[in-house]
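Trainee: Kindly return the folded structure for what I paste below:
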Amino acid sequence: MMKNPSAKIYLMELIIFVVGITIAFQVNVWYEARKNADLEYNALVNLQKELAINQQEFESLASHRTNINEANRELLGLLNTGSFSKEELKPLIIRIFRTATPDLQNNASAFYVNSNYGEEHLALKSELLVLDTYLQELLEVSADYKRQKELFYDNQKFLSAIDFTNRELVDLAYFQSMPFKNTIWLIASSDLELNRLYEQAHSQLKKVYSMTQEIIDGK
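Mentor: Numbers count the residues shown, from 1 in each chain. Got it, this is the predicted structure:
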């Protein structure tokens, strides 16, 4: 047995010091984990809000895209007949004139993907990266599609064939020409590709939204 009182006191102080340090360390680990959990929860809530906004954007463009594609099909069918009137053609030309590019947000998504939060939700980060790839491809194709239409509508022959003030077609021969038919075919083809990308990105968006909601509900 230890007979030196000073040694006993020193040992007790050492044990108390080590226990105190251990407890303080564990408390600090718990505090940091709790703080990170709160920060991650806030990041997930912000991500959920961003995903909801993007979903609304997709849904707001859905009817427009359906209308455009129907107009493209009807217009190509009419052009293939080789014989049509200005009255038959005019509403279709007006319908395809509008162009819309999705206005999407990705700040919350990028923040969460690049965060150093725990490895518990790596699957969500992986799916967010897939979503970002789909959205970037969609935005790039949408931008090219918009430029393609702008070049078409800035064409002098097209501008001369329409009286925009009175919304009338003044040169039916232009709309019966092969260059016009080819241009509409290219635009319709681009629309089909855009539809594929819209559906692909929207499906992934809904998947990520569901995953995020499940995680939030579990916290």
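Trainee: rest of the way, CA atoms for contacts and neighbours
Mentor: Fine.
Trainee: pLDDT averaged over stretch 77-97 - what is it?
Mentor: Averaged across stretch 77-97, pLDDT comes to 86.
Trainee: Just the buried residues of that stretch, please?
Mentor: Within stretch 77-97, the residues scored as buried using 16 or more other CA atoms under 10 Å are L78, L79, L89, L92, I93, R95, I96.
Trainee: With secondary structure and distance to Y134 as added columns, please give those residues in CSV.
Mentor: Shown next, in CSV, are the buried residues of stretch 77-97 (DSSP: H, G, I helix; E, B strand; the rest coil; distance: CA to CA, whole Å):
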residue, secondary structure, distance to Y134
L78, helix, 34
L79, helix, 34
L89, helix, 35
L92, helix, 30
I93, helix, 30
R95, helix, 27
I96, helix, 25
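Trainee: This protein: strands as residue ranges?
Mentor: For the chain, the strands defined by DSSP state E cover 162-163, 168-169.
Trainee: Of all the ones you listed, which one is nearest L197?
Mentor: Among the strands of the chain, the nearest to L197 by CA to CA is strand 162-163 (32.0 Å).
Trainee: Tell me the strands beside the closest one, with direction?
Mentor: strand 168-169 (antiparallel) (DSSP bridges).
Trainee: Where in the chain is the helix or strand with the lowest mean pLDDT?
Mentor: helix 5-81 (a mean of 81; mean pLDDT, DSSP states H and E).
Trainee: For that helix, enumerate the helices and strands it packs against.
Mentor: Contact here means 3 or more CA pairs under 8 Å, 6 or more residues apart in numbering; DSSP states H and E; on that basis helix 5-81 packs against helix 86-97, helix 107-114, helix 178-218.
Trainee: May I have the first one exported as CSV, CA atoms only?
Mentor: Listed in CSV are the C-alpha atoms of helix 86-97, where the atom choice follows Å, rounded to 0.1, in the frame of the first residue of the first chain:
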residue,chain,number,x,y,z
LYS,A,86,-53.0,31.0,-93.8
GLU,A,87,-55.9,30.5,-91.4
GLU,A,88,-54.8,26.9,-90.7
LEU,A,89,-51.1,27.8,-90.3
LYS,A,90,-51.4,31.0,-88.3
PRO,A,91,-52.5,29.6,-84.8
LEU,A,92,-49.7,27.0,-85.0
ILE,A,93,-47.0,29.6,-85.8
ILE,A,94,-48.2,31.7,-82.9
ARG,A,95,-48.2,28.8,-80.5
ILE,A,96,-44.6,27.7,-81.2
PHE,A,97,-43.3,31.3,-81.0
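Trainee: what's it in contact with?
Mentor: Residues outside helix 86-97 that contact it (CA atoms under 8 Å, 6 or more residues apart in numbering): N67, I68, A71, N72, E74, L75, L78, E168, L169, L172.
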